[in-house]
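# I would like to see how this sequence folds:
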Amino acid sequence: MYSKRVQEGVFFQLFKKQRTNSPTHKKKLSLYSFFSTNYPIHSKSTKHHSKQLFNSSLQDDEFPSSTYEPKSFFRYELIHQSQKENSLARVGRIHTPNGIIETPNYVPVATNAALKGVDFRTMDAFYNFDSDDNDTSRSVDSTQLVFCNTYHLLLYPGRDVIREAGGLHQFTSRGKYNKGPFITDSGGFQVFSLAYGSVQAERQSNKTDNDDDDNDTNSKKLKNSLKKNRTELKKSNLRPKPHWNTDVLGPDTVKITEEGVTFKSYRDGSSFLLTPENTVDAQKDFGADIIIPLDELPPHHIDSDTLKESVSRSHRWEARSLKTHLQNVKNQAMYAVIHGGLDEALRRESVDFLTSLPFDGYAIGGSLGKTRDDLKKLLDFLMPLFESSEHRKSKPRHLLGIADEESIRYAVKLGVDTMDSCYPTKLGRHGTLLTSKGMVRIKRGAHVRSYGVPIEEGCGCQTCQHYDRAYLNHLFKAKEPLAIMLGTQHNIFYMQRLMQRIRQDIMDNKI
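Numbers count the residues shown, from 1 in each chain. Here you go, the predicted structure:
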């Protein structure tokens, strides 16, 4: 458990200091007053907002024309656009200061700047091991993008420690032996997950909620719907870790204001404030190649007025984050986060508004539905919007929090470039191993005497090259730590080879 001194000292001083210095308290920052005036967030007035809530143009001095110019340190390069009928799939390269990312690609999640069961040196070696000579999309300088979570890194070891180490690349030693880009989120996802649950858990819930009574207030509707969501998430096996303070879970523990979001630490229950400004400042200290602005992640079960209010707030927060970022770019790119839930009108307005600002790429966020069919329907509508202009086409697109194989294949054909999830690595360390013929649940008795049988024939990963299913079954049943390492290594290797095959299929116009 982290020390009380770290929680109450370093972390509290971090947010207290930044709160008092936040640009939202300075009258000279016209962006905040502009948004507050034009996009009021009071729930009683939300119903009276016009449908064109977000399409008002910003003042010319908010984002100078120079901020829209191409960046020398970051760009998307289109290699091939699929010629298959009705396909938006594309192969490209994202050029960053710390390496080239081949797209489409899977992005593994290293929550605490570490992959569970695999070190970065091993992962990066996987990426360049046994490369397919027929992969005509590949660059000799290509590398693997890795996702880290700001929320957890702020709690421990803290932004000061990582900054003094030289940023994530030096802190993890990844920058010492091989260049490799990082992407960090704002921390908002984890904060709102404490209240509502994760995207993956939300999609695992298959129940349908009834609408609340029309006479209820917005706050009562939200409270009732969130209670239902929490109940369903508990049924879908979302459980707090043993060392967590359970008082930090639930909708009443997260307070949202125009300034930011106040939440409680899952370590000791201390309250902290996360703002659009201080989350960007933290990501500057982390030094990630790609950073994400603060946004609100509402659950699936909210009414249309509350969703509209949430999207409006996210837009204001993202613009404030962008403003802070542009004051000290530091060779980092910032992606906007497209919101709107399953509401097509809100999604369109979100795309129109955020693509009008000088972001370097676009992430698909917010609620993505309760089922895979919801996700597919959303992407069917949303992704063609990025094809409407050369400006939108020239930016990379990232799908947040979804990376199961079926969803990947569907998203890729609609033009998604990268997607992150802890799903493959979590499966691996719990004994579910990925193969081209489906999942292998290695703990089952059928594998006790699978002597000489690898997880998958022809797989080039070190696990399949040296160990058989019988031994892996023993390791997992005996709960040996080695099992976690070997299972995770295989799944990461599988995902990398899967994306390699997908890129080649796009090059051959099969997708």
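
# Tell me which residues of the lengthiest helix in the chain come out buried.
Taking DSSP state H as the criterion, the chain has its longest helix at helix 481-507. Judged by neighbour count (16 or more other CB atoms under 10 Å), helix 481-507 contains these buried residues: 483-500, 502-507. C-beta here means a position set from N, CA and C on the backbone, and glycine is covered the same way.

# Point to the residue nearest the middle of the chain.
residue 400 (3.8 Å; CA atoms, centre = their mean).

# quick one on the thing from earlier: mean confidence for the longest helix of the chain?
Averaged across helix 481-507, pLDDT comes to 96.

# For that helix, what is the distance to the chain centroid?
Put simply, helix 481-507 sits 19 Å off its chain's centre (CA atoms, centre = their mean, to the nearest Å).

# Likewise for stretch 176-189?
Taking mean C-alpha positions (CA atoms, centre = their mean), stretch 176-189 and its chain are 11 Å apart.

# shaky segments in the stretch 101-250 of the chain?
127-142, 194-250 (pLDDT under 70).

# switch the cut-off to 80
The model of the stretch 101-250 of the chain has pLDDT under 80 over residues 126-143, 175-179, 189-250.

# where do the strands sit along it?
Using DSSP state E, counting those that start in this stretch, the strands of the stretch 101-250 of the chain run over 105-108, 142-143, 146-148, 182-184.

# Stretch 352-369 spans what distance, first to last residue?
21 Å (CA to CA, to the nearest Å).

# what's the answer for stretch 145-157, then?
End to end - CA to CA - stretch 145-157 spans 22 Å.

# Averaged pLDDT, stretch 405-420. What do you get?
97.

# So for it, what gets flagged as buried?
Buried residues in stretch 405-420 (16+ other CB under 10 Å): 405, 407-408, 410-420.

# Please export the C-alpha coordinates of that stretch as CSV.
Taking C-alpha atoms only, stretch 405-420 is exported to CSV below (Å, rounded to 0.1, in the frame of the first residue of the first chain):
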residue,chain,number,x,y,z
GLU,A,405,-10.6,-9.3,-32.5
GLU,A,406,-14.1,-9.1,-33.9
SER,A,407,-14.4,-5.4,-33.0
ILE,A,408,-10.9,-4.7,-34.4
ARG,A,409,-11.8,-6.3,-37.8
TYR,A,410,-15.0,-4.3,-38.0
ALA,A,411,-13.4,-1.0,-37.0
VAL,A,412,-10.5,-1.4,-39.4
LYS,A,413,-12.7,-1.7,-42.4
LEU,A,414,-14.3,1.6,-41.4
GLY,A,415,-11.0,3.5,-41.2
VAL,A,416,-9.9,3.2,-37.6
ASP,A,417,-6.1,3.4,-37.3
THR,A,418,-5.3,2.4,-33.7
MET,A,419,-7.2,0.9,-30.8
ASP,A,420,-6.2,0.2,-27.2
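
# Kindly state the beta-bridge partners for residue 433.
residue 440 (DSSP bridges).

# and it, what pLDDT?
Reported pLDDT for residue 433: 98.

# Just the helices from the stretch 251-400 of the chain, written as ranges.
276-286, 304-326, 344-354, 372-382, 390-393 (DSSP state H, counting those that start in this stretch).

# Can you check which of those gets nearest to residue 93?
helix 390-393 (14.6 Å; CB to CB).

# helices or strands up against the closest one?
Of the remaining helices and strands, none touches helix 390-393 by 3 or more CB pairs under 8 Å, 6 or more residues apart in numbering; DSSP states H and E.

# mean confidence for it?
Mean predicted confidence for helix 390-393 is 96.

# got it, and stretch 282-294?
Averaged across stretch 282-294, the pLDDT comes to 97.

# shift numbering so it begins at 210
OK, 210 is where the count begins now, so the last one is stretch 491-503.
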